[in-house]
Each structure stands twice: as structure tokens, then as C-alpha cells.
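Undergrad: What would the 3D arrangement of this be:
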Amino acid sequence: MLLCLLLMTLMPLGQSVPIQCNTNFRDLKADVIEVLCPEGCLHQEVAVWGTDIYTDDSSVCKAAIHTGNLKNSGGRVRAEKRPGQDSYHQSLRNGVTTRSYGAWHGSFIIISDNNAISPKSTPQTSPVLVQCNTQALQLTGSKTEVLCPAECLTQGTTVWGTEIYTYDSSICRAAINAGKITNAGGKVTVEKRPGQNSYQESTRNGVTTRSYGAYPVSFILTSETIAIPPTSPSHTPIVPVQCNTQARQLNDSKTIVLCPEGCLLHGSTVWGTEIYTDDHAEAQCKSCKLFWSKTAKDRKTKCLAHHAIQAESTIDIKGSLRQRQHRRLQ
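TA: Numbers count the residues shown, from 1 in each chain. Model (predicted):
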């Protein structure tokens, strides 16, 4: 892992990071990264948990073979961070059998790259124009770039799921929920995925999705740039804070704050992951606007930088981690 981190530090921006077959996403310490996988990972004894969305301790290269974005001869793939899921589903694809698992606190997906996979589909020259109520099932093909109009935040049909959505969900509203576009619209790529046993509800970026049981077909959304989620109305004041400012020191239940530079190395202790205790330091980030929200239900806090990915479920990290480590050692 130290070698991988050293390579990432020395590698010029825009180049692939060489990794091994057993490198997992958590080792890469990045939200989005392009890696260079070696040859022969198909037959390496390394584990992968999930289908399309994988636990962050899964092998990146073997997961890429499983999705069809990488051949056993190796090559470049891009991986992107995702929130933890309540469950992960096993499947057999392209010679790789993945395992199922319960709740886990971190995930990742493999982003399709036409240069890294066999050319089964022809890249589109222009995006497909869609409406706010266009559903993924109305598209043809397994991967389509679409252009969403503005104002889909308050228009369009229902969305079921979080990060991975049922195939009859509104594409553009799902894209807002996923943080891929804002209410101003924009381009996003829709990728068809197998059905899931369950879909999780969430409220993100102004779009509330619904939970659902088993559904035969799903889709995920990718984009070249990560959109900044819309914040509160512009008249809401921005409160300057220090690196050691705690959430409990704020007066309102929702506050936009401005973090100073250098909080990566300064500030007080932070307890939690994705959901934090209200006595943690507000700013473990570098000069960004932060959105803080306290829920009335569990009185815990969610701390979201604009480039972060929100997790909608509270996970007992200590218990889950110990139980899982114990299972894998057996």
C-alpha cells in the first residue's frame, strides 16, 4: 500500500497509477482515480464483494474484469468512490465470481472507458436530448450519454434507489440526486446494470428518492466532472468558521459555513465517518463551502463538502468492521 501511495504522489496529473491485482480501492485514497492493472488478474486469488457497486476492500482490477471494463491482458480503468450500501450482491461475469455481503461503510464503481474495453458499442457523437420525466427504460443501448434540461428538481417522475436506480426512474432527477448535474441541467451518461434485490431511499441535493424491493433492471450515472450539489438559497448567509469549530457551536439546524485553508493538519478530533458526532471539528477540508445538517430523528450530524459523497445510512463501524474481519480470518 505504501508503494501505491508513493506512486500516486510522484505520478503527474492525468496519468494512470500502476497497481497490483490485489490492490483494493481503499488503498488508493482517492475519490476518482485512473489505474493501470497488470496482466493475469483473472486467475489471482483476490476477493471481490458486490455487483456493479463493490465494497471498497475489493480488488479494483478484478472488479473491472467483472464489469467488462478490463480484459485479463490488463489495461487502464477508472474507479470512483461511492457511499456504503446496506447489501452487496454476488454474481458470475466474465470469469469472475463475486461474493455477497451485508452492510459495509465504503463502496466504489468502475467507470466505463471505451479505450479499455472491447468495442461493442460505438461512441455517440452527441448526447441524446431527454426530458425531466424520461426514464432509463426509454433509452436504447446499454450506455447512453444524455442532455438533461433545466428545472428537473421540481419536475419529472419518481426515482427509486440511491447511486443505483430502478430502470423506470427519472434519469435527470436521479442525476441530481447523485450529484452528477445541478438543477441547471447538463450532460450525464446512463449505464444499464443488472437488477438488485433492494433499492435504498435518500434525500440528496433536493431530490427525495424512494426505496423498493427486487427489480429486474437498474442503471447508474457517470459524468466526466463531479457536479457541485445545489446548496441552500442564495440569501442564506455563509458563516466563517475555524478549523477547530464544532457543529454544536452553530445556532441553526442547517448552516453553510466557509472553512479556512490548512484544516487537513489542524483542528480538533473527529468522531465518525460520513455521519459525525456534533462535537467534531467542522473543517477537515481545504477552503470550501460546507453544508451542515442536524436531523431531528437521531440528533447526529452530516458534514458534506461539495466534492464529498453523502452516505444515507448510519453504520456501526466498530462492530461491523470487527465482525467482518473476524469472518474473513475464518
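Undergrad: Please report how far the residue nearest to residue 33 when sequence neighbours are not counted lies from residue 20.
TA: The shortest distance from residue 33 to any non-neighbouring residue, by Cβ to Cβ, 6 or more residues apart in numbering, is to residue 79 (5.8 Å). Quick note: C-beta positions are derived from backbone N, CA and C, even for glycine. With the distance defined as Cβ to Cβ, to the nearest Å, residue 79 ends up 14 Å from residue 20.
Undergrad: Point to the residue nearest the middle of the chain.
TA: With distances taken as Cα atoms, centre = their mean, the chain has residue 82 as the residue nearest its mean C-alpha position (2.2 Å).
Undergrad: which non-adjacent residue is nearest it?
TA: The shortest distance from residue 82 to any residue that is not its chain neighbour, by Cβ to Cβ, 6+ apart, is 4.0 Å, and that residue is residue 107.
Undergrad: sorry, back to before: report all helices and strands that the helix or strand containing the residue nearest to the centre of the chain contacts.
TA: Secondary structure here is read from DSSP states H and E; on that basis residue 82 sits in strand 75-85. Taking 3 or more Cβ pairs under 8 Å, 6 or more residues apart in numbering; DSSP states H and E as contact, the helices and strands that strand 75-85 lies on are helix 25-28, strand 32-37, helix 60-67, strand 104-111.
Undergrad: Grab the CA positions of it and hand them over as PDB.
TA: Backbone C-alpha positions of strand 75-85 (Å, rounded to 0.1, in the frame of the first residue of the first chain) are rendered in PDB as follows:
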ATOM      1  CA  GLY A  75      -5.100  -2.100 -19.000                       C
ATOM      2  CA  ARG A  76      -6.400   1.200 -17.800                       C
ATOM      3  CA  VAL A  77      -9.600   1.700 -15.800                       C
ATOM      4  CA  ARG A  78     -11.100   4.400 -13.800                       C
ATOM      5  CA  ALA A  79     -12.700   3.800 -10.300                       C
ATOM      6  CA  GLU A  80     -14.900   6.200  -8.400                       C
ATOM      7  CA  LYS A  81     -15.900   6.300  -4.700                       C
ATOM      8  CA  ARG A  82     -19.400   5.600  -3.700                       C
ATOM      9  CA  PRO A  83     -21.200   5.600  -0.300                       C
ATOM     10  CA  GLY A  84     -21.600   2.400   1.700                       C
ATOM     11  CA  GLN A  85     -24.500   0.100   0.900                       C
END
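Undergrad: Beyond it, next helix or strand please.
TA: Along the chain past strand 75-85, the next helix or strand (assigned with DSSP H and E) turns out to be strand 92-93.
Undergrad: one step back: so residue 79 and residue 20 - more neighbours on which side?
TA: Neighbours were counted for residue 79 and for residue 20 using other Cβ atoms under 10 Å; residue 79 has more, 25 against 17.
Undergrad: Wait, the more buried one touches residue 60, no?
TA: Yes. Using Cβ atoms under 8 Å, residue 79 is in contact with residue 60, at 5.4 Å.
Undergrad: Can you give me the neighbour number for residue 265?
TA: Quick note: residue 265 (other Cβ under 10 Å) scores 7 neighbours.
Undergrad: That one should be in a helix, yeah?
TA: No. Secondary structure assignment places residue 265 outside any helix; it is coil (DSSP: H, G, I helix; E, B strand; the rest coil).
Undergrad: Give me the domain ranges for this structure.
TA: Split into domains by automatic domain parsing, the chain comes to 2-111, 128-222, 229-330.
Undergrad: Let me have the ones you listed in JSON lines, adding mean pLDDT as columns.
TA: What follows is these, written out as JSON lines (pLDDT from 0 to 100):
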{"stretch": "domain 2-111", "mean pLDDT": "86"}
{"stretch": "domain 128-222", "mean pLDDT": "92"}
{"stretch": "domain 229-330", "mean pLDDT": "54"}
